Structures are given as C-alpha cells and as structure tokens.
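# need coordinates for the following:
(chains A, B and C)
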Amino acid sequence: MRPLDAVVDVKRAPPRRDVPMPERCEIAIIGGGVMGLGIAYQLAKRGLTDVVVLERGYLAEGASGRNGGGVRMQWSTETNVRLMQQSIALCAGFAEEFGINVWFRQGGYLFLGRSEEERRKMERNVELQNRCGVPTKLIAPDDARDLVPELSLDGVVCAAYNPKDGVLFPWPFLWGYAQKAEAAGVRVQLYTDVKRIDVEKAGFQLHTNRGQLHARRVINAAGAWSPEVARLVGVELPNRPHRHEILSTEPLKPFLKPMVSLLSSGLYFSQSMRGEIVTGITVPDHDDGTVKLGSRLRFLTTLAKELVRVAPRLADVKILRQWAGPYDVSPDGRPILGEPAGVPGFFLACGFVGHGFMMAPVMAKLYAELLTDGEKHPVFDECRLDRFASGDIQREDMILG
Amino acid sequence: MKILVCRCEDVPLEEITHVLDRGFVSVEECKRLTGLGTGPCQGKECMLACALLCHAAGGGAHPITPFTARPPLSPTPLGALATALTTSLTTEDDE
Amino acid sequence: MSVTLRFEGKEISAEAGQPLAVALFVAGERVLSRSVKYHRPRGMFCLTGHCGACLMRVDGRPNQKACQVPCVDGLVAERQNAFPSAAFDVLGITDFVFARGLDHNTMFTSPQILHSVVQKVVRHLAGLGTLPDEASRYGTPEVRHLDAIVVGAGPAGLAAATALGRAGRRTLVVDEQLRPGGSYFAEPSDGAAQAARAVTTAEDAGVELWSRATALGWYPEDTAPGRAPGVLVVGRPDRLAILTADRYIYATGGYDQNLLFGDNDRPGVLPARAAGRLLSRDVLVGERPILVGQGAYVEALANALTERGAKVERVDGHEKRLVAARGRSWLAGSWVAGAELNVAGQRQRVSGDAVLVWCEPTPASELPRQHGAAVELRPEAGGFVALADEHGRAAPSVWVCGDVTGYLGPASAALAGKRVGEAAA
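Numbering: from 1, shown residues only, chains lettered A, B, ... in the order given. Take a look at the predicted model:
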C-alpha cells in the first residue's frame, strides 16, 4: 500500500510562492521576518497599503523562525528598557488583536551572576530599570532557588528577577502580521531574492529572481543579510552575522517558571508552552562575514556542561534537536536605523543583535509613524548609522545567547 | 474519524490540507504551520507522507525537498554531553 | 530466563532481554501511551525506536522508547500523559469533542480573561512526562579513529563491513538496535538465524560491532585531535563516542511509515515488518490479522503467520483497499477490532485483531545528507533515496548501500553491501 492510497484526491493549490510580482509600489520592504512584516502591518494600519514585502525564503526561514522567543525589559540602556516596556505590552495584546495565539507567558527572567563585577553591573542596571518603572528586583541567590528549585547555586553571588518579562512562540507572530497586512492590501512575496538595486532620482528599481519592482522607498529589514542588501545601494554597514546555536529538549510537564540566564557564559534556558526546554549559550565562532547555520557538537558540549552545572537535575533530560540562527550584531549592541547619508529613501531597520524579535512590535510602530506622519522617536537619532564614525555610542551589554 | 499525518504531534490530515489549500506546498512550510515533524520522532514516520501531499497539491511546480536533517538523530541526554572534555574537540578558532 | 517487572502497581513476568513493549504486549498491556493533544490511545508501532508511539516512563526517566528497553529484573515502567491512567484517560474526551480537530492556533484568542485562563490550562496539558527522578552519571566520551565505520548492522551494513574486514581494513559497525541484524529480524521466517549468520561472518572477518550504539549526527565543523575536520557522534547507553574514519559507509536502511487512512493510529495498527519482528521474538501479533499489501514480503509474512496458526485476512491494496481501521472504544481497551475496506467500490467490513500494513520503508537518509550525499524523491522506492555513483560513493569518503538507496529487501541489500564494501576498501 502507498502512503496516500486511502486519501481522496488532494486538491491542487497554486503555490503561494508563485503569487505574481507587482511592478510598482510605494514602499518595498526587503526581509519578511518579524521586523519587515511588523512594519508592513503597522504601515497598513495607518492607511499606507501600497507596500510589498520581499522575503527570500519561506515565512520564518530567517532569525524570526529560529529564536528562543524570549522577551525582556531588563537592559542596560534606558532606550532599550523603555522600548521593551512598550513592546511587551504589545505582545500581551497580540492574540486578541490578531486572533492568533502566540503563547505569551510572563514567567519572568531570572539573571544569575558569578562575580563581584557582575554584581556591580547588575545593581546599576536594576536601578536604571526601576527608574523606568520596571519592577526588577535584586534578590539573594537563595531566593533564586525558591523561584527555580532545580538550580545549583554553585558560584552564584547575585541575582535579579523581573516577573513581567516572558517568553512567546515566534512563528505565529509572522502569520498574524502577514495575514492582517495582506488583508489590508499589502503584498508578501515569498522565495523572492533581491539581486540588484538601481538607485534612481525618484526611487529604486529592484531586480529580483522573480521580476522587477519599482519602489519609491525601500526598507532594509533583512537582519543578518542586511549588509548584503545595503551593499546593493553602495552602503557599507558595520554589523556582522554571528551564528547562535540553540536546542530544544523533549517536552515535559511544566516545572520551570522563568527564563534563566547567566551573562557570564551567555547561557539562557526556559520552558516553552509545549514543555520543551529551549536553551542556548555563547560559543566562539570563526567570523568570516557569512551567515552560518550549521550545527556543531561543540555547541552541545559547551551548553550541556554549563546547563547541567546550573541545573543538575536536568542531566537526564534529552535533547531532541539543535539548530542555529543568525544574530545581526552591530558594534555597540544597538540597532542601526534611519537613512544612511547619500541614499535618501533607503531606510535601515537592522543590527538588532539577539533582540530583534522582541523589539519588533514597538519598532514596527515607531517606523510606521516615521514613514507616515514623519513623527521621529529619539531612537532614530541615537541609532543612526554615522554614530560609529563620530564615536557617539552607548553600549548595550546585557546580551545573551 | 481522524487520519493522523503526524502522530507525535497529533496533526490530522485536515490540518495539512488546510495549509496546502493556502498554497504552502512545501514540507518546511507545512512543518512551520502545523508542527508536523517537530515531535519525538522528528519526522521519521511522517515526512514522506507530507512530501507526497505537497507534491500532489503543488502539482510538481517546485521540487519537493526533505527538511534539514538536524542532529541528534535520537533523543540524547544532556548529561552524556556534559562530560565531554572540550579539549577533545577543536574548531578553527582554537588553532 | 524470567524476570519480574513492575508495571503501574502490577507485577509482570517477562523474558530477560525482551524489549519492554513486547513484554507488555505479551502480558496483555496494549495501550502504552496517550497522544499529546487529543489523548488518543497508542500502542507499539515500528518496534525499532523510530516512531514516538511507545514512549513510557522507565525507572524514573520519562519518554523512554519501550521497544528499545531490554527487560531486567526490577524494572519499573509507567505510562505518561494520562489522568487518571492511560487505560482510562479522562482527557480522551478532547478527541471526541474535537472530532474534526482543534486549531490551537486560533482558539480562545479573546476576550483577554478567557485567553489567559486557557493559556494556563494548555500549558498544564502540554508535555509528555515529568522531570526525571534523578540525574544519572555519564562517562566521558570515547574518541577513536578507524579505517572504516559502517553505520547499520543490517544486511547491507554487515555485508559491507565483512568485505572491508576481509580487505584488511580496521572496521567498526555501529547499530542502534538491541541486537545486530537490522531488517533480517523483520524477515518472517528464521530472521534471527539469518541475522546471526551475517553477524558471525562479519566478526570472523575481524569486524568490531557495537550494538545499542546510535549514530547521532555527522558534525563537519568539529575536529578530533590530530584528525581532519568532521566527527561522527555515537550515543551508547552510558556515554558517547566521537569517531572518525578514512571511510564512512551508511547502511542505515529505512523507517517504517505511518500510512494515511481512518484511525491509522489505533493500537493494533502496525507496519507489516513489525509483525515480522515480533515473530523473531517468538510472538504472534494476533490470531486473525488483516494483512494489507502485496509483494514478496507480504507473501512471506502471510505464510509465516499462517504456519503459526493465524487466520490471515488478505487485503491486496488493489481490488481490496484499506479505508480505515476499526476498533473498540477507549473504554473497552482501544485495540483494533477490524477494518473498513473498499472492495471494487463497495464498502465492506472485516473483523480482525491486528491491521498489518506493508509499504516500502522510507530511506533513513539523514546521516548521508548531513555528510554530503544528495537525495531524490522516488516514491516507488520508498521516498527520498540517497544517491551515489556506480560504486556506491555518495560524497568524498562517503558510501551508501542497502535500503537507504531505495528499498531492496535483505537479499539484494546484502549483495549491494558487499559490492560497496569492496569498492570502499
């Protein structure tokens, strides 16, 4: 017997990827991840629907489909803290607004530190967060164990916990944004790769593998591939793709409430709605400027060693799958926004390191406001491209993964 | 009466055909939209049926390819990896 | 030798070394688990550790493949994900209420208060098994280099290894099953004897053989000290092995498939080869099995079952086609009780105590693909077959042979393995 013998004829469906390419549009967004789709949705919400999103692969093929779904307000720069407060509020309302479950759970983020220097940084960051109205608390290591009984406090000298941080499942965000944007008239082109861009007086001529598109304005939301895309208009970006590996385990009944992280090793682990432990850690990688998505044994051994040290009870928990996704890493850990000098109409929405997903809901709103009303949030100036040349930068150092 | 395509994740045929009807006629897209292949067997038992359904729905417009084969190929305890002495393995950076 | 297991408060006798799933079947315990979402009862299925049907909690560890756990005295086994028990799981009501499926993506997204409550409930329903009771200790990984590594001790793998051994190559065969022999054990008559012969032949050729050794992945970017980049990681019961070789031969065979028909996940619906595997353990799958399919394997299985006293109902898949499995309600134990057929356009019901379905196994091509082999979709050969040149070479230092290149069956697979082993030597 063959697998489909008992299945009544499968209906033919025109492949989604073959949807015809339009020839002109007001705004072309290169990159169909959460940033690009979020911006498209927010533009459409404000009445600007002549938008085409160009995604090189299938929905969720890039970093938006590969991340661990963490969302937090605990940051070391005020802009990030305040933006994430807004973003988390938007995440909390997503299911209702879009009619799609994103499994957003505010179980908190628990950071553990192992040195006096980390303690000092933690104290400073918590103070900043509190000033912004974020309820992060410094807690004693023993209290951390009340939150997560499986923890070993080996080497832990300090801890910080914000109960309002959380985790979500990333893929449905993309479906939600894409569906609502398309319903409003936005076109989402999948499997469409931009190979060349002619910069013209009144816009841009994009040459793709599926035909040409003229756009008055272009947004580069291509994440790890954003430097490649920027080069198409003669702009050199300083962000570089870094591979970050991640794994998920067998699904277990819920036992882990917060996301737990150690900045010293970059370890993070949390339990998804399906019950899997989703976890990653920093592993040195050879930076050759390319986007690497292969899996390494070295990642598994580094992660396992640290995770079993931090939570010994997890030794017999089994790994089901490892994969990798690219962080789009900017030199100061902060995004690259706005128009680069010399290419008006070409907007950058990249360099979000490992926090692009969580920042997308609020960034999409701010970008749409900028592009429709001209309302410019201070972050666009803080994160302009030329800051690297002028040295006017502020580092974000609470990076994990 | 249900026809289960992915038994690990309880994905019935109706759910797959709903995805195919929307034009997502590739194995990777079915996986993302339904969770097929993301359970304990990681698609060993069901990926082929999904591939054949995609092929039938898409009419062969695009070649059907399997999902990326990620390790480990069988569930593996963290503890067995935690004992590895990382000095027994090197990567380019260590040279 | 007989051993005693504890199964949910009962004591069960079993043969030492018998796979747990088989021992439970023999003892009349047929529902081994409940599915994640609809809590549908599940029984054993592939019996080779490649599906997810027989996951149980064993000795305090969740999600153990019961078909890969050998019975030892004092073993403790429990079912998971059911309340109050897998035999009588109240959450099975989900399957009945959501007869047409439950779209978890769009359900209960508003109003906010309902959404929050439902999220909490869903989180508590999710997950298979609870945290392990203890944290075991594992050994440090063994690091070895060989002239040749063969993955799979089935007909092709053992033949390839034998050829390599005879050519003087230091060869290691790794095989994930409890006993070496692969698909020989699915052969309906004297499968175990065929396996034993092939194993002896390989060992006589100087080949080293590891059982319960699962090749977990080829990692091209990791490097063992002093070696070219690339390692094959193998999982053994209490530690890993990190292996390298001058030649890698993948004879990984094929996975039995879940075919699509009504109630196809019912306990008692099995791949035909699973019935063969049971025979190699001296167990008869049922007195009145319904056997679906045609071809050499099906004929051999039908004969072997008949010789064991079973009354086999044949469904050839052409004149008579399988539409659905039929069975008793979950209250009555869920095991299959027959099938619904389409006989020349008419619906017909037959009764039976097992539904055995034959289909070419789908090539287990993950490892060759990780290691550089290309694949092509060939449905008549089982699925995505690993491609190779006329010597079986699929990529630099990589060979493939046997069912992974397209279903051949044991005899042809062994011939192919011999040829490829000679070419690779």
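
# residue closest to the middle of chain A?
Nearest residue to the geometric centre of chain A (Cα atoms, centre = their mean): residue A:357, 2.4 Å.

# element containing that one?
Per DSSP states H and E, residue A:357 falls inside helix A:356-372.

# do that helix and chain B meet?
No: on the criterion Cβ under 8 Å from any Cβ of the partner chain, helix A:356-372 is out of touch with chain B, staying 15.2 Å away. (C-beta placed from N, C-alpha, C; glycine too.)

# what comes up buried for that helix?
Buried residues in helix A:356-372, counting neighbours by 16 or more other Cβ atoms under 10 Å in any protein chain shown, are found at A:356-371.

# Provide the secondary structure category for the residue of chain C found nearest chain A.
At 2.9 Å from chain A, residue C:127 is the closest residue in chain C, using Cβ to the nearest Cβ. Using DSSP: H, G, I helix; E, B strand; the rest coil, the structure places residue C:127 in coil.

# grab the nearest non-local neighbour of it.
residue A:275 (2.9 Å; Cβ to Cβ, 6 or more residues apart in numbering or on different chains).

# picking that back up, what packs against the helix holding residue A:357?
Here helix A:356-372 is seen to pack against helix A:34-45, strand A:70-71, helix A:78-92, strand A:346-350, helix A:379-382 when contacts are counted using 3 or more Cβ pairs under 8 Å, 6 or more residues apart in numbering or on different chains; DSSP states H and E.

# is the following helix or strand past the longest one up against chain C anywhere?
Tracing the chain C-terminally past helix A:78-92 and defining elements by DSSP H and E, one meets helix A:94-98 next. Yes: between helix A:94-98 and chain C, judged by Cβ under 8 Å from any Cβ, the touching residues are A:95, A:96, A:98.

# so what's the gap between the helix or strand hosting residue C:242 and the chain middle?
Following DSSP H and E, one finds residue C:242 within strand C:240-250. Put simply, strand C:240-250 sits 23 Å off its chain's centre (Cα atoms, centre = their mean, to the nearest Å).

# pull the CA atoms of it into PDB?
The C-alpha trace of strand C:240-250 is given here as PDB (Å, rounded to 0.1, in the frame of the first residue of the first chain):
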ATOM      1  CA  LEU C 240      29.100   9.000  23.800                       C
ATOM      2  CA  ALA C 241      31.700   8.100  21.300                       C
ATOM      3  CA  ILE C 242      33.300  10.600  19.000                       C
ATOM      4  CA  LEU C 243      34.500   8.700  15.900                       C
ATOM      5  CA  THR C 244      36.500   9.500  12.800                       C
ATOM      6  CA  ALA C 245      37.400   7.200   9.900                       C
ATOM      7  CA  ASP C 246      39.000   7.200   6.500                       C
ATOM      8  CA  ARG C 247      35.800   5.800   5.100                       C
ATOM      9  CA  TYR C 248      32.200   6.100   6.200                       C
ATOM     10  CA  ILE C 249      29.600   3.700   4.900                       C
ATOM     11  CA  TYR C 250      26.000   4.500   5.700                       C
END
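
# is it in proximity to chain A?
Yes: using Cβ under 8 Å from any Cβ, strand C:240-250 reaches chain A at residue C:242.

# for that strand, packing partners?
strand C:142-151, helix C:155-166, strand C:171-174, strand C:231-235, strand C:398-400, helix C:410-424.

# let's see that with 6 Å instead.
Judged by 3 or more Cβ pairs under 6 Å, 6 or more residues apart in numbering or on different chains; DSSP states H and E, strand C:240-250 is in contact with strand C:142-151, strand C:231-235, strand C:398-400.

# quick one: buried residues of it?
So strand C:240-250, judged by 16+ other Cβ under 10 Å, has buried residues C:240, C:241, C:242, C:243, C:244, C:245, C:247, C:248, C:249, C:250.

# run me through the strand neighbours of it, direction for each.
strand C:142-151 (parallel), strand C:231-235 (antiparallel), strand C:398-400 (parallel) (DSSP bridges).
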